[in-house]
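1. All I have is the shape, not the residue letters:
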């Protein structure tokens, strides 16, 4: 990675966020049919930090689980998990992180807040759509079991993403100002 600090940083952030998303899957509270986990915190945070490149750790995380590496909630892996009730949420991580990341590239706080809301909303939308298809639940019941119980926790996680993302941007801005010629 000589003479390529941007690539080195991208690889490092990709590895770190892939690991954090996997770690977040192990921090789970059983709930039927979808468990409470910390994955969405790290998925949205990857968007806040890596911007549009958040596609990399989320895509790698899904690929790792698909090929059998036990990174999904509670050590699950494989196509069976992706075809099960939680598969839509997991696949929704990819567009959710990208949406958050693209809107975090903007400097306006309102765009960044919208990015968190739309990213989380995308994860919920993909999750509930697949929950309806995979379980045969009605849309209203799927919303009651697959979205509503998670809203309070996701508000807290979204706020954490907001605070951490804003602080990291301030630190990075200060560092750029200290370096002459940037």
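-> The structure has been received and is ready for your questions. Every value quoted in this text rests on a predicted model; they were computed, and no experiment measured them.
2. Just give the closest residue to residue 164, not the sequence neighbours.
-> residue 45 (6.2 Å; Cβ to Cβ, 6 or more residues apart in numbering). For glycine as for every other residue, the C-beta is placed from the backbone atoms N, C-alpha and C.
3. what sits up against the helix or strand encompassing the one you found?
-> Assessed by DSSP states H and E, residue 45 sits inside helix 39-50. The contact list for helix 39-50 (Cβ atoms under 8 Å, 6 or more residues apart in numbering) reads 10, 13-14, 17, 20-21, 23-25, 54, 56-58, 73, 93, 96-102, 104, 112, 115-116, 119-120, 123, 154, 157-158, 160-162, 164-165, 168.
4. List the buried residues in the helix or strand hosting residue 144.
-> Assessed by DSSP H and E, residue 144 sits inside helix 139-146. Of all the residues in helix 139-146, those buried under the rule 16 or more other Cβ atoms under 10 Å are 142, 145, 146.
5. where does the chain dip in pLDDT?
-> Judged by pLDDT under 70, the chain has its weakly predicted residues at 1-3, 32, 175-182.
6. For it, which segments are assigned as strands?
-> Applying DSSP state E to the chain gives strands spanning 28-29, 36-37.
7. what packs against the first one?
-> What it means is strand 28-29. strand 36-37 (3 or more Cβ pairs under 8 Å, 6 or more residues apart in numbering; DSSP states H and E).
8. got the contact list for the strand it packs on?
-> Contacts of strand 36-37 (Cβ under 8 Å, 6+ apart): 24, 25, 27, 28, 29, 73, 149, 150, 153.
9. which residues does the fifth one bridge with?
-> Same thing as residue 29. residue 36 (DSSP bridges).
10. what about it, neighbour count?
-> 9 (other Cβ atoms under 10 Å).
11. for the second one, same thing?
-> Using other Cβ under 10 Å, residue 25 has 24 other residues around it.
12. With the third one instead?
-> Neighbour count for residue 27, taken as other Cβ under 10 Å: 14.
13. Wait, it touches residue 38, no?
-> Yes. Between residue 27 and residue 38 there is a contact at 4.5 Å, judged by Cβ atoms under 8 Å.
14. roughly how far apart are the most centrally placed residue in the chain and residue 155?
-> For the chain, the residue sitting closest to the mean C-alpha position, by Cα atoms, centre = their mean, is residue 43 at 1.6 Å. With distances taken as Cβ to Cβ, to the nearest Å, residue 43 is found 16 Å from residue 155.
15. do the same with residue 105
-> From residue 105 to residue 155 the distance is 23 Å (Cβ to Cβ).
16. Once you drop chain neighbours, what's closest to residue 111?
-> residue 103 (4.9 Å).
17. Please consider this matter closed, and thank you.
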